[in-house]
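[1] Got a predicted structure plus its sequence, pasted below:
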Amino acid sequence: MKKKAAYRSDRVKMVHKSVSPPGASPGLIQPSSDSLTPKLVLVSYNTDALLEMPCDNLAEAFSKIQDQPQYKHWLEIKGLGAKKMLEELCEHYSIHHMEMEDVVNAYQRPKMEEHTSHLFLVSRLFYRDVNDDLKNEQVSIFLFPNLLVSMQDSYVDQFESVRARLRSGKGLIRTANVDYLAYGLMDTAIDNYFPLLEAVSESLDVLEDNLFDQPTRSLLQQIQKFKRELIAIRRAVFAERDKINDLLRTHTDFFSEQTKVYLKDTYDHTIQVLDIVDSYKEITASLMDIYLSNVSNRMNQIMKVLAIISTVFIPLTFVVGVYGMNFDYLPELHWRYGYPIVMIGIGVLVILQFLFFWRKGWLDKS
Amino acid sequence: MKKKAAYRSDRVKMVHKSVSPPGASPGLIQPSSDSLTPKLVLVSYNTDALLEMPCDNLAEAFSKIQDQPQYKHWLEIKGLGAKKMLEELCEHYSIHHMEMEDVVNAYQRPKMEEHTSHLFLVSRLFYRDVNDDLKNEQVSIFLFPNLLVSMQDSYVDQFESVRARLRSGKGLIRTANVDYLAYGLMDTAIDNYFPLLEAVSESLDVLEDNLFDQPTRSLLQQIQKFKRELIAIRRAVFAERDKINDLLRTHTDFFSEQTKVYLKDTYDHTIQVLDIVDSYKEITASLMDIYLSNVSNRMNQIMKVLAIISTVFIPLTFVVGVYGMNFDYLPELHWRYGYPIVMIGIGVLVILQFLFFWRKGWLDKS
Amino acid sequence: MKKKAAYRSDRVKMVHKSVSPPGASPGLIQPSSDSLTPKLVLVSYNTDALLEMPCDNLAEAFSKIQDQPQYKHWLEIKGLGAKKMLEELCEHYSIHHMEMEDVVNAYQRPKMEEHTSHLFLVSRLFYRDVNDDLKNEQVSIFLFPNLLVSMQDSYVDQFESVRARLRSGKGLIRTANVDYLAYGLMDTAIDNYFPLLEAVSESLDVLEDNLFDQPTRSLLQQIQKFKRELIAIRRAVFAERDKINDLLRTHTDFFSEQTKVYLKDTYDHTIQVLDIVDSYKEITASLMDIYLSNVSNRMNQIMKVLAIISTVFIPLTFVVGVYGMNFDYLPELHWRYGYPIVMIGIGVLVILQFLFFWRKGWLDKS
Amino acid sequence: MKKKAAYRSDRVKMVHKSVSPPGASPGLIQPSSDSLTPKLVLVSYNTDALLEMPCDNLAEAFSKIQDQPQYKHWLEIKGLGAKKMLEELCEHYSIHHMEMEDVVNAYQRPKMEEHTSHLFLVSRLFYRDVNDDLKNEQVSIFLFPNLLVSMQDSYVDQFESVRARLRSGKGLIRTANVDYLAYGLMDTAIDNYFPLLEAVSESLDVLEDNLFDQPTRSLLQQIQKFKRELIAIRRAVFAERDKINDLLRTHTDFFSEQTKVYLKDTYDHTIQVLDIVDSYKEITASLMDIYLSNVSNRMNQIMKVLAIISTVFIPLTFVVGVYGMNFDYLPELHWRYGYPIVMIGIGVLVILQFLFFWRKGWLDKS
Amino acid sequence: MKKKAAYRSDRVKMVHKSVSPPGASPGLIQPSSDSLTPKLVLVSYNTDALLEMPCDNLAEAFSKIQDQPQYKHWLEIKGLGAKKMLEELCEHYSIHHMEMEDVVNAYQRPKMEEHTSHLFLVSRLFYRDVNDDLKNEQVSIFLFPNLLVSMQDSYVDQFESVRARLRSGKGLIRTANVDYLAYGLMDTAIDNYFPLLEAVSESLDVLEDNLFDQPTRSLLQQIQKFKRELIAIRRAVFAERDKINDLLRTHTDFFSEQTKVYLKDTYDHTIQVLDIVDSYKEITASLMDIYLSNVSNRMNQIMKVLAIISTVFIPLTFVVGVYGMNFDYLPELHWRYGYPIVMIGIGVLVILQFLFFWRKGWLDKS
């Protein structure tokens, strides 16, 4: 059926197939078969200038970076479907194969690792695709003294706003070092959650109203869907928080104290997101309660109608059955006013029954 | 429908629209469009005197503060709808733009930040508006050596009691430094929870009584409403506790050890509030249990009536049906006392059935 | 209604009205209007002698204490309805006004505070009043080197057993210092929980038996009552444990190491109480489960009777209805043995149906 | 009723009456009235020899111990119903009265206390008595440099296996010091849980199978019984773990590092027991879910039968009722084939209805 | 019955019978009776060469190991059913009898122990057997400076992939020391969980779809099965995480810092597994909710049909009953159009009733 398929497609996956098989040699860089062809963009900037240069291959990017030591560089790689390129990158910047395996095996928890020559940062980005399904994607960042390499396996452009800030040259982003750029990317990833959660909040409000009106199976499915999404988001943000906390407590040359002031703010945001997600999970649980209690309420309604009808008519049917008997000696049958008397008796009975229902409160609306 | 709208309006919001968009430049001071026009009141006081001076603009306030170094000052800003004023304030007192962003983006968790020239404190205030809806509002405090700036985006006056204490000159409030005033404001914010929770407690008691009498859908909605409110309160107080704890453990010149003695009391109060909120959340869960079990009980009631009626009359209808058959040779029909015998038999049957119900306990009230 | 009122009255309150209003000046000593007139008893004792002296006012007590430096003193103040006396006490023994506010604002969590001249200890005492309602009361203790002042706002006498030990002179109580007396009072407060919980345990056992027999609404109310009581007790004991732990870890002159050996035992008891309360909370949750499942079971019972009756008689009524039809050509009606054949057929049908019910297990008791 | 009584008797008690009354003098040694007459057995052993000597009184045991300094001694006291003997023991080995109170007041959490002259250890032993009820008993151990005194208030012999090991002389038990014997006793107490839990596991499996077959009230009672037992076991093992951990971390002369190697293994076992108990508690909760859902399922079954019967016969009864009417002008009654036509119509109706039920899936087994 | 037996067989056992009886001498090496005959394979390797040598007995393996000091050795023992061999092993490599007891008593939590001559590591391996039942098995590893002994009591070959890497000689595995081999084995054990959990995830998705279609008892059983499996997996991985964490924090010569870099990755994986398992447990709980709510929904469906049929036909039966009465004076019976008027009246009544149902929403699908 169409509907079910639609429902399945927006389930948030937790285990991803591209994890390397058990027992595989560690540090094996093996992009999954549906990885995209890489697109490279090098953004070179300093306080005075900004250059956005698409590159055809890594070699081109490397040479441009080396030729312009007066610039700070952001090398953005979108699409990881080129094993050779990844190995080239490892070699050129002495990135450990274990790190690149984490870039490729695309379900890593957000984390940060300090290496001799660079910091390795993993973030997760959540967004809704065109079908309104919740997707999440990994952004891996290598942070060198003067260079930031960001890698992700999709062409979706979540960092347009950061690029816009770079172009405008407002704020610190052009004057500060690349660690500030790293902060900017991570901060954008976290800020992303707020509109997402706001939408969830509104959906939950609508859901709640609908649940009070009419509990249907599709509402139940929606509750379950939101629950799964919140579980997935919580899991990611929890790790995100740990990552940022690690960054804040680490004394590293790659991340200046000035930038950490800003990062502290991002940290506050992750805690806020966790707060909100936890509240929403509680609300989802309430919705389930409401659903179940309204199902019971509807049952009550149905039973009440059934009970009223049965209670009214079953005794009456007995009464008329009595006078349908064929006894030779059934005197009432021969009375002149037997029929009207019986009918009036039935009318009185009905009135009494309704008084009973009214006292029981069965005639109330809810 | 009217009722539903009313219900929606008093839902406690968790995500607020004024949070700056993802990827926005950090430190962007952008008041939301529905922010109020600022009203400024400067309260200058020392042990001997107290001056309450409304100011038209910041410049006026600044000059008054500078002219009177022998006073301690409390600058109260209500309404944040003037971007320029906020920037002016930042510049004049070297407040970081990131802080002012937190003032404006009005959903911050309560927190405290130590800066070189001042302490930055965020509190949340809960109150019920005229429609009995639970609102919560942010009060931001900048604490300088001789000056306290409090900012909030509403004209509601929660600190009237503090101002009264200032005017009366009783207690330490006039003799102690402005940190004591800061303590006073935060303490008032926390003490605010007690009458609020007391009202919740009474409502929960009434709810419980009503639930035992008659479980209706509107009671269910009320339970859900209280649950949401308690979730929201818990979230705020939890952060409030962390904030005060941070303050107590920080060795800062802005907060004297003498004032901390008082603040320790406020800390105890936040823990008490958390305690109470947790207890109420457990009670709300119980209420939900009671609701559900009473819905089941009502169903039982209805089923019992239905079962009694059916059990009594369905067999009787069969009996009278037997003597409604048209067989040529149905001897009982021709008996002289056939009819009374059948009716007496029916009477006996009914008595036996009621004995059965009585033994089953179906005739009991509850 | 009588019953409901009775139920309400024994609810354990969590927020108490005597908490001072938000924004009130801290350290404000304002006894609530229903505080009792103070009664003072001074117990002076040493290894050799014991004097129990009721005092009319504080001055009398002060002079007696000063006149007898060779004694240890226990000043017991019952009833806090005299503001002046409280202030006098503060002044005479340099007790901070914040402490006395805690004594008067009678809902404090159990806690301990170390001051220069004394220890300030708050305990909570639970007991059942004459209506079997659970009450809890605050006992505040000021512990000076040679003097213990205990204060509570009721005339209930929970410490009679301690006084008896003092009189008998057995054990350490007369030879040790007043810290041992403080231990004795706190230990009595904790030991109080055991008979209370034992009673709860027995009530829960009776409840469980009744629930299996017949789930009624009043049982549900009792479950809820016990749940509330356990929540309240847990909250108090949790804080009590923290208090005693604080005492054990603090190096203070007011509490000797020898007495701490005994206090360690009290600490073990608080943990035992917490253990028991947690177990009982789990059992209360189970009782709720049993209640709900038994309500469902009863419904099943009712439905089974209804289903059996309907299944037996509805088909029979159809059969006799067939032969009640008035068709001119309905040959069976004219058969000589039509009537007995139909009745025998009905009998066979009923037997078959009961076989069916028996196989379905509907005829079983439970 | 017999059955209920049986059920009550095997409830695991949590509060025990022998706890001394609140306010009692601490260190009061007052055995409960149903304590048993003590039986004393002294086991003296070294690498070469083993002597098992029942003693009539403490004096006899003391003299034997003093006469044989070349032996290690295990004094086993079963039955605590002799106040004088207990005091004698306290005096002879300078045991604090508080400790002996813990021995006698038989509900102590497992714990360990270090004293100047000895270690005081409390263990709890669970076993099933002849009625298959879960009992638990306290074993108190005083560990001196060359002597171990074990005390319990029952004649049940849980330590036969340890005595057998002593007799056989295999392993370290005869060569090592008495601390190894203490380890042996505690290890036996913990190992005791495994067969107990294995039995619980098998019972839970049988319960689950029965629940899927037929949910009865007695199954519900069994679930509750296991739940209570698991709560009680968890509580004891939790404290047991803390005790052993305390022992492992304490640097004491009474417990050698060599023995601690073995004790570490016991520690692992307590964690395993906790693990298992937690898993079983989750499984018990699942069983409750299964029970409830199967009760609902049975209701569904009953309702289905009722609905099928009603849906089939109620319309038919209406049809035959139509032709039972006595209208003068009811032409069908006079048709030659009126009766067979009606009966065929009824047959067709029944077939259609069964098609409807079949499509609804009401004719399926489950 | 077949089905039930099948269900039982795939329950994950928590307590295993081979645990030595309570009170048994510690360090008793007693393989369970169904242990397998040992098969020994010695893999000797260095950067240049690799030798895989099946050995008939330990003596042969020992001599081969001693003869080739230039190699690193992996002695794989599969099947533990030879007590003598195990004791021989203990003696030859000075392994404590307590360790070998842990190897044999096959339910140990994963753990690591540091000994003077070696590290002792316990891992648990989960896999599905041919009947799709979840089995778990213990792998014990003794890690010496140049030798790794792995022991397990089954012939299942989980480490084929590691052996393949050894043979291929790719990666670090041949050049690094045996600690890297130990890492490889533990990493394989953890990576094993991912395909397992992926399968669970897919089964849960299928389950959820089926639950929305038709809630049957066998689905309920499947939910319970997965719940039990997740409980078992969580328990094992939790301990696995602690083990690896212990390894990472221990400064030991047996585990080099280089290998720890890789082990950190394994640590990340265990956390990921825990994350996933927790999410799945939440989802399993949701499935139970869905099951229960759908059972209620089905009941609602059945009740609706019953209510509609009863509500329609019971009043009609009453009406026709009225005209089946045998009163002498029942004028309608003699009307020319009495019969059609009654039938038309009945038709109108039915239409009105269906309007009522339609307004109530009872005619909707869900």
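    Right, received. Where do you want to start?

[2] burial count for A:M186?
    By other C-beta atoms under 10 Å in any protein chain shown, the residues close to A:M186 number 24. C-beta coordinates here come from the backbone N, C-alpha and C atoms, glycine included.

[3] Now do the same contact list for it.
    Counting by C-beta atoms under 8 Å, 6 or more residues apart in numbering or on different chains, A:M186 makes contact with A:L121, A:S123, A:I141, A:I244, A:L263, A:T266.

[4] run the last query once more with 10 Å
    Each residue near A:M186 by C-beta atoms under 10 Å, 6 or more residues apart in numbering or on different chains is listed here: A:110, A:112, A:121, A:123, A:139, A:141, A:240, A:243-244, A:247, A:262-263, A:266, A:270.

[5] quick one: average pLDDT of the helix or strand harbouring A:E91?
    For A:E91, the host element (DSSP states H and E) is helix A:83-92. The predicted model assigns helix A:83-92 a mean pLDDT of 91.

[6] What are the buried residues along it?
    Within helix A:83-92, the residues scored as buried using 16 or more other C-beta atoms under 10 Å in any protein chain shown are A:M85, A:L86, A:L89, A:C90.

[7] Nearest to C:L147, out of the residues you listed: which one, please.
    Nearest to C:L147 among the buried residues of helix A:83-92 is A:C90, at 76.6 Å by C-beta to C-beta.

[8] and the helix holding A:E91, C-alpha only, in PDB?
    Below are the C-alpha coordinates for helix A:83-92, written out as PDB (Å, rounded to 0.1, in the frame of the first residue of the first chain):
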ATOM      1  CA  LYS A  83      38.600   6.100  -2.500                       C
ATOM      2  CA  LYS A  84      41.800   7.300  -4.100                       C
ATOM      3  CA  MET A  85      41.100  10.900  -3.400                       C
ATOM      4  CA  LEU A  86      40.500  10.100   0.300                       C
ATOM      5  CA  GLU A  87      43.800   8.200   0.500                       C
ATOM      6  CA  GLU A  88      45.600  11.100  -1.200                       C
ATOM      7  CA  LEU A  89      44.100  13.400   1.400                       C
ATOM      8  CA  CYS A  90      45.300  11.200   4.200                       C
ATOM      9  CA  GLU A  91      48.800  11.100   2.900                       C
ATOM     10  CA  HIS A  92      49.100  14.800   2.100                       C
END
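
[9] what about it, distance to the chain center?
    What separates the centre of helix A:83-92 from the centre of its chain is 33 Å, taken as C-alpha atoms, centre = their mean, to the nearest Å.

[10] anything in that helix sitting right up against chain E?
    No. Between helix A:83-92 and chain E, judged by C-beta under 10 Å from any C-beta of the partner chain, nothing touches; the nearest distance is 14.3 Å.

[11] who's in contact with that helix?
    With contacts defined as C-beta under 10 Å, 6+ apart, helix A:83-92 is touched by A:27, A:29-31, A:35, A:37-38, A:40, A:57-59, A:61-62, A:65, A:75, A:77, A:79-80, A:82, A:95-97, A:99-101, A:103-104, A:142, A:149, A:151.

[12] ok, 6 Å please
    Residues from elsewhere that reach helix A:83-92, judged by C-beta atoms under 6 Å, 6 or more residues apart in numbering or on different chains: A:I29, A:P31, A:P38, A:L58, A:M100.

[13] what's downstream of it, the next helix or strand?
    Tracing the chain past helix A:83-92, the next element assigned as helix or strand by DSSP H and E is helix A:97-104.

[14] Heading C-terminal from that following helix, find the next helix or strand.
    The helix or strand immediately downstream of helix A:97-104 is strand A:111-114, counting by DSSP H and E.

[15] Just the CA atoms of the helix or strand following that following strand, as CSV, please.
    Sequence-wise, the next helix or strand downstream of strand A:111-114 (DSSP H and E) is strand A:119-128. What follows is strand A:119-128 as a C-alpha-only set of coordinates in CSV (Å, rounded to 0.1, in the frame of the first residue of the first chain):
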residue,chain,number,x,y,z
LEU,A,119,41.9,18.4,15.3
PHE,A,120,39.3,15.9,14.0
LEU,A,121,35.7,16.8,14.6
VAL,A,122,32.5,14.9,13.7
SER,A,123,29.1,16.6,13.7
ARG,A,124,25.7,15.4,12.8
LEU,A,125,23.2,17.5,10.9
PHE,A,126,19.5,16.9,10.9
TYR,A,127,17.2,18.2,8.3
ARG,A,128,13.9,17.4,6.6
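
[16] Only the buried residues of strand A:119-128, if you could.
    Going by 16+ other C-beta under 10 Å, strand A:119-128 has these buried residues: A:L119, A:F120, A:L121, A:V122, A:S123, A:R124, A:L125, A:F126.

[17] hmm, back to that, B:F226: which of the buried residues of helix A:83-92 is nearest?
    A:L86 (54.9 Å).

[18] so how far is A:A236 from the closest residue to chain D within the stretch 51-200 of chain A?
    Distances between the stretch 51-200 of chain A and chain D by C-beta to the nearest C-beta are smallest at A:R109, namely 25.2 Å. Applying C-beta to C-beta, to the nearest Å, the value for A:R109 to A:A236 is 8 Å.

[19] Could you check which of the two is surrounded by more residues?
    Neighbour tally, A:R109 and A:A236, criterion other C-beta under 10 Å: the higher count belongs to A:A236, 23 against 20.

[20] so which helix or strand takes in A:S44?
    Assigned by DSSP H and E, A:S44 belongs to strand A:39-45.

[21] Parallel or antiparallel, which strands does whatever helix or strand comes next after that strand pair with?
    Per DSSP H and E, strand A:39-45 leads on to strand A:50-55 as the next helix or strand towards the C-terminus. In the sheet, strand A:50-55 lines up against strand A:39-45 (antiparallel) (DSSP bridges).

[22] Chain E: which of the buried residues of strand A:119-128 is nearest?
    The nearest one, if we look at those relative to chain E and count by C-beta to the nearest C-beta, is A:V122, at 10.2 Å.

[23] doesn't A:R109 make contact with that closest one?
    No. Here A:V122 does not reach A:R109: they are 7.4 Å apart, not a contact under C-beta atoms under 6 Å.

[24] doesn't A:G347 fall inside a helix?
    Yes. Using DSSP: H, G, I helix; E, B strand; the rest coil, the assignment for A:G347 is a helix.

[25] For the nearest residue to A:D289 once chain neighbours are set aside, give me phi and psi.
    Distances taken as C-beta to C-beta, 6 or more residues apart in numbering or on different chains place B:M288 nearest to A:D289, at 5.8 Å, with adjacent residues excluded. Main-chain torsions, B:M288, degrees, to the nearest 10: phi -60, psi -40.

[26] B:M288: how many residues sit nearby?
    By the criterion of other C-beta under 10 Å, B:M288 has 19 neighbours.

[27] A:V139: which element?
    For A:V139, the host element (DSSP H and E) is strand A:134-143.

[28] swap that for A:Y183, sorry
    In the assignment (DSSP H and E), A:Y183 maps to helix A:178-191.

[29] Which other helices and strands does the following helix or strand past that helix contact?
    Next helix or strand after helix A:178-191 toward the C-terminus (DSSP H and E): helix A:193-213. Contact here means 3 or more C-beta pairs under 6 Å, 6 or more residues apart in numbering or on different chains; DSSP states H and E; on that basis helix A:193-213 packs against helix A:217-249, helix A:257-322.
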